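Trainee: Following is a predicted model, sequence given first.
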Amino acid sequence: MKKTLKKRTLGKRNRNTGRYAEQKLLKLFQSWNINIHQTIASGSLKQVTNRLSKQDKDLFISDFYTEDLIKGEVIRIENKKRQYKVFKKYYEKTGDKPLIIKDFCMIVNQTDFKNMLDGKFNQPYEVIEDKNNKLLHDFFNQDNAQIVSLISPDDNSSRYKDFLFCIDNKIINKLIKERGMHK
């Protein structure tokens, strides 16, 4: 069944804005002198990669990967761009302090994430129960990501808001150990 012109146009626009968000994340990590690599054909070959062995499939999962955050470990990063209303609760909750979703992940704004990577993170945080976070769980589970970056267009301008970084609890603990941070 052929897609209508409208659906093809919307799909192309979504892919283009997704690519823009990915390039923005890539440039951000490069500005922080962190080597981050874009995964080959990320997302575009889902049906093909589902037929591969787990080891071969690992070559195609997530949008990015890096070995610069924790020595000897490949960290998978998934990047998600959505309208502000989808991520509004996370942007609002992380405005002045990080958010810990109990037994799941920590969400920090872009500045706090950079401070975390520089070992300068010692900030109070809010802990909430893991309720109504299905979308976030889906993002992590989609490609076994350990970090999910979120970005939204700014409703008040033609620009984008800063990234939010959602970091799996296991990775937070390793970052704390590796980077000498205080949780």
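Mentor: That came through, no problem. Residues are numbered from 1 along each chain as shown.

Trainee: For Lys97, give me its contacts.
Mentor: 123-126 (C-beta atoms under 8 Å, 6 or more residues apart in numbering). All C-beta atoms are positioned from the backbone trio N, CA, C, and that covers glycine.

Trainee: could you dump the residues you listed to a markdown table with pLDDT, distance to Gln23 and neighbour count?
Mentor: Output for these, formatted as a markdown table (pLDDT from 0 to 100; distance: C-beta to C-beta, whole Å; neighbours: other C-beta atoms under 10 Å):
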| residue | pLDDT | distance to Gln23 | neighbour count |
| --- | --- | --- | --- |
| Gln123 | 76 | 29 | 15 |
| Pro124 | 85 | 34 | 7 |
| Tyr125 | 89 | 30 | 15 |
| Glu126 | 91 | 32 | 13 |
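
Trainee: Return the subset of the residues you listed lying in helices.
Mentor: Within those, no residue falls in helices by DSSP state H.

Trainee: Now, the residues you listed that are in strands?
Mentor: Judged by DSSP state E, strands contain the following of these: Glu126.

Trainee: Quick check: of the contacts of Lys97, which lies closest to Lys174?
Mentor: Tyr125 (17.6 Å; C-beta to C-beta).
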